[in-house]
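Undergrad: Here is a sequence with its predicted model. Questions after.
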Protein chains: 2
Amino acid sequence: MDIKQLGERVLAGERRALARSITLVESQRSDHRAQASELLENLAGAKRQALRIGLSGTPGVGKSTFIESFGMMLTAQGLRVAVLAVDPSSSRSGGSILGDKTRMERLSRDRNAFIRPSPSQTHLGGVARRTREAVALCEAADFDVVLIETVGVGQSETVVAEMSDLFLLLLAPAGGDELQGVKRGIMEMADLILVNKADGDLKPAAMRTCADYSGALRLLRKRPQDPDGYPKAMMVSALQEDGLSVAWEEMQALTKWRRENGFWESGRANQARYWFDQEVRQALLAKLNTPEARATMDQLGGDVAQGGIGPAAAAQKMLERLNAI
Amino acid sequence: MDIKQLGERVLAGERRALARSITLVESQRSDHRAQASELLENLAGAKRQALRIGLSGTPGVGKSTFIESFGMMLTAQGLRVAVLAVDPSSSRSGGSILGDKTRMERLSRDRNAFIRPSPSQTHLGGVARRTREAVALCEAADFDVVLIETVGVGQSETVVAEMSDLFLLLLAPAGGDELQGVKRGIMEMADLILVNKADGDLKPAAMRTCADYSGALRLLRKRPQDPDGYPKAMMVSALQEDGLSVAWEEMQALTKWRRENGFWESGRANQARYWFDQEVRQALLAKLNTPEARATMDQLGGDVAQGGIGPAAAAQKMLERLNAI
């Protein structure tokens, strides 16, 4: 594969070259990893930046409908929109998000949109790196907006928030006595909370939910990267395409403020540092993933479970054996 | 120090020997670590087991009052009670929990009770190991119940739950429209939820809160280690010493069921395996804590933040340099 030529085609915005490049960064073959590295280094020079929007929400809140309506609105304004997903559960469930393009039928046919399903890897670290690199490829291919979608599973929101300029939390209207199930940590990551399905019978419940979350957001400590009044909660109806342009105006206003006050740049620098740190840790822990290391862990773990040796003493033995492998 | 003799004194239940042994396991000096290892290996043979009760609750829910009243009730029944704490914030805040024995004045004077403040270490991994080893020392010293207290900070509840046979979550009564702030993961760890301050003006609110949590617990997936009806939520008043004996009966009934059905033993075996795994990971990541490694991380991290090199490529360089150090 001619990596230099592939890079030029990505920079020219060719969709097939972009798709092929993402396949390359998804590969775990070591020759592919080397090529992916080279490609990314080549493209980094272009210094193109899209607005990266992270989007989280549990199944049933209407994420697909939102992405389709919101994405169509943006492409109608002449913007180019890429959609990626972080879904560590996809290989188990057979693809719980983005596995099926019929989910976003109109958007997937739009030539200003690019939709890429989640890769089938269970290891969150692997999914994170692949998505981060796919985001960089979409930026190089001159997309204006990159939407990164996730379901509220484990650490996947942190992964998405750490690669996004804006983080949206999508919620469904809830009854007053219902346990909302929003993790506090997620609330603290959100730049905008969008209460979806604010239409028809659910509109009163959506208004209450929105008011509840507006109140809750006011209780959180103010973050330096937020101007007054942010983060905020708003209502949208993805189905009726209602409230989407107001939400987009909010996103643009917040982005503009952050750019003018240095938080866009510092945010991206901190994120790069964060990912460097994560990559180093994962590489160190990868020493435990060889067949020999696993076998030794199993054997020592069995001894520990039976009380034959304490965890700390067994860990010391494990380290000695790792050095010998 | 004569480690063999120290061990014999711990086995005889001598408080001063126990205190000295805990100081030893808290030390980070390598000769002390070796002695601590020897001591723990010597004591493991006694195979004594206490009931380990983890207790979590945010500041203000009345944890100290609960531990004092509950502890005094147990010692009055002739049981020996040790109290430990996992508080990774203690060195910053100057000891947010257990820093001050006047907090549990009566219990600290009780000769069947042993209270040990949290050590001043910020690193959660270090606190976890120290507490785990202190628990083992208390068991060897023939305590019947070991209470392990934590505040709801970051991962500290997971640390405590992973070294406890029973995990209690203490809550204060809350207004209907108040955001409870209980992380979902914590709810899923709890064996019993105790709504404290069910006295005076707060009693109606406590009843509502208890009913809310009873409902919420029923929505959670049943865990294999729970008989029907568990986990459950109950009301107590630590101040009026109300509901404490009922709570204790629940704990004993749950423990008895788990013992008879093999979950006590399998739970402890799984915990030992978990700590072995954690110890190995920490030992691997400790390679990043040397001055040279930190300096290299800082330098490469700076390059990454400025966009001079990508996170993955920089991580690869870091690993190469680590191998050379």
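TA: Alright, I've got the coordinates. Residues are numbered from 1 along each chain as shown, chains lettered A, B, ... in the order given.

Undergrad: any idea how far residue A:258 is from residue A:110?
TA: 28 Å (Cβ to Cβ, to the nearest Å). C-beta here means a position set from N, CA and C on the backbone, and glycine is covered the same way.

Undergrad: So which of those two has more stuff around it?
TA: residue A:258 (21 against 18; other Cβ atoms under 10 Å in any protein chain shown).

Undergrad: so where's chain A shaky on pLDDT?
TA: By pLDDT under 70, the low-scoring segments of chain A are A:88-102, A:120-122, A:152-154, A:175-184, A:325.

Undergrad: Where do the domain boundaries of it fall?
TA: A:1-45, A:48-261, A:290-324 (automatic domain parsing).

Undergrad: so of these, which one's packed in deepest?
TA: Of all the domains of chain A, domain A:48-261 has the most neighbours on average by mean count of other Cβ atoms under 10 Å in any protein chain shown, namely a mean of 19.

Undergrad: Quick one: distance of that one to the chain centre.
TA: Per Cα atoms, centre = their mean, to the nearest Å, the displacement of domain A:48-261 from the mean C-alpha position of its chain is 9 Å.

Undergrad: Next: stretch A:43-52.
TA: 17 Å.

Undergrad: still on that earlier bit, closest one to chain B among the domains of chain A?
TA: Closest approach to chain B among the domains of chain A (Cβ to the nearest Cβ): domain A:290-324, 3.4 Å.

Undergrad: does any bit of that closest one sit next to chain B?
TA: Yes: on the criterion Cβ under 8 Å from any Cβ of the partner chain, domain A:290-324 is in touch with chain B at A:297, A:300-301, A:304-307, A:310-316, A:318-319, A:322.

Undergrad: swap in stretch A:203-213?
TA: Yes: on the criterion Cβ under 8 Å from any Cβ, stretch A:203-213 is in touch with chain B at residue A:212.

Undergrad: Show me the contact partners of stretch A:278-296.
TA: Contact with stretch A:278-296 is made by A:125, A:128-129, A:297, A:318, A:321-322, A:325, B:280-281, B:284-285, B:287-288, B:297, B:311-312, B:314-316, B:318-319, B:322, as judged by Cβ atoms under 8 Å, 6 or more residues apart in numbering or on different chains.

Undergrad: could you redo the last one with a cut-off of 6 Å?
TA: A:125, A:321-322, A:325, B:284, B:311-312, B:315, B:318-319 (Cβ atoms under 6 Å, 6 or more residues apart in numbering or on different chains).

Undergrad: Quick check: of these, which lies closest to residue A:230?
TA: residue B:311 (27.9 Å; Cβ to Cβ).

Undergrad: now the strands for the stretch 1-150 of chain A?
TA: For the stretch 1-150 of chain A, applying DSSP state E, counting those that start in this stretch gives strands covering A:51-56, A:81-86, A:113-115, A:145-150.

Undergrad: Counting neighbours, what do you get for the closest residue to chain B within the stretch 151-300 of chain A?
TA: Nearest residue of the stretch 151-300 of chain A to chain B, counting by Cβ to the nearest Cβ: residue A:279, 3.4 Å away. Residues contacting residue A:279 under the criterion other Cβ under 10 Å number 24.

Undergrad: now do residue A:281
TA: 16.

Undergrad: Can you tell me the element residue A:167 falls in?
TA: strand A:166-171 (DSSP states H and E).

Undergrad: Just checking: what are the partner strands of that strand?
TA: strand A:51-56 (parallel), strand A:192-195 (parallel) (DSSP bridges).

Undergrad: Turn those into CSV, including distance to residue B:66.
TA: Shown next, in CSV, are these (distance: least, Cβ to Cβ, whole Å):
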stretch, distance to residue B:66
strand A:51-56, 36
strand A:192-195, 35
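
Undergrad: re the thing from before, take the contacts of stretch A:278-296 and lay them out in a markdown table including distance to residue A:52 and secondary structure.
TA: Shown next, in a markdown table, are the contacts of stretch A:278-296 (distance: Cβ to Cβ, whole Å; DSSP: H, G, I helix; E, B strand; the rest coil):
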| residue | distance to residue A:52 | secondary structure |
| --- | --- | --- |
| A:125 | 19 | helix |
| A:321 | 43 | helix |
| A:322 | 38 | helix |
| A:325 | 40 | coil |
| B:284 | 32 | helix |
| B:311 | 15 | helix |
| B:312 | 18 | helix |
| B:315 | 21 | helix |
| B:318 | 25 | helix |
| B:319 | 28 | helix |
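
Undergrad: Which of these sits closest to residue B:81?
TA: Among the contacts of stretch A:278-296, residue B:284 lies closest to residue B:81 (Cβ to Cβ), at 37.1 Å.

Undergrad: Residue A:170 versus the closest one, what's the distance?
TA: From residue B:284 to residue A:170 the distance is 38 Å (Cβ to Cβ).

Undergrad: for residue A:211, same thing?
TA: Per Cβ to Cβ, residue A:211 is found 17 Å from residue A:170.

Undergrad: likewise residue A:302?
TA: 45 Å.

Undergrad: quick one, what contacts the residue nearest the centre of chain A?
TA: The geometric centre of chain A, computed from its C-alpha atoms, lies nearest to residue A:160 (Cα atoms, centre = their mean), at 2.8 Å. Shown in contact with residue A:160 (Cβ under 6 Å, 6+ apart): A:54, A:86, A:148, A:150.

Undergrad: Adding distance to residue A:6, write those out as TSV.
TA: Output for the contacts of residue A:160, formatted as TSV (distance: Cβ to Cβ, whole Å):
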residue	distance to residue A:6
A:54	27
A:86	24
A:148	23
A:150	28
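
Undergrad: Of all pairs in these, which one is the farthest apart?
TA: A:54 and A:86 (8.7 Å).

Undergrad: Alpha carbons of stretch A:189-205, as PDB, please.
TA: Output of stretch A:189-205 as PDB, limited to C-alpha atoms (Å, rounded to 0.1, in the frame of the first residue of the first chain):
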ATOM      1  CA  MET A 189     -18.500  15.800  32.100                       C
ATOM      2  CA  ALA A 190     -21.500  17.200  30.200                       C
ATOM      3  CA  ASP A 191     -21.400  20.500  28.400                       C
ATOM      4  CA  LEU A 192     -25.000  20.300  27.400                       C
ATOM      5  CA  ILE A 193     -27.700  18.000  28.600                       C
ATOM      6  CA  LEU A 194     -30.400  17.400  25.900                       C
ATOM      7  CA  VAL A 195     -33.700  16.100  27.100                       C
ATOM      8  CA  ASN A 196     -35.000  14.400  24.000                       C
ATOM      9  CA  LYS A 197     -38.500  13.300  23.000                       C
ATOM     10  CA  ALA A 198     -39.900  16.700  24.100                       C
ATOM     11  CA  ASP A 199     -43.000  16.100  21.900                       C
ATOM     12  CA  GLY A 200     -46.600  14.900  22.200                       C
ATOM     13  CA  ASP A 201     -47.500  13.200  25.500                       C
ATOM     14  CA  LEU A 202     -44.000  13.300  26.800                       C
ATOM     15  CA  LYS A 203     -43.600  17.100  26.600                       C
ATOM     16  CA  PRO A 204     -44.700  17.800  30.200                       C
ATOM     17  CA  ALA A 205     -42.400  15.100  31.600                       C
END
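
Undergrad: bridging residues for residue A:113?
TA: Going by DSSP bridges, residue A:113 forms beta bridges with residue A:81.

Undergrad: Contacts only, for it.
TA: Contacts of residue A:113 by Cβ under 6 Å, 6+ apart are A:71, A:75, A:81, A:107.
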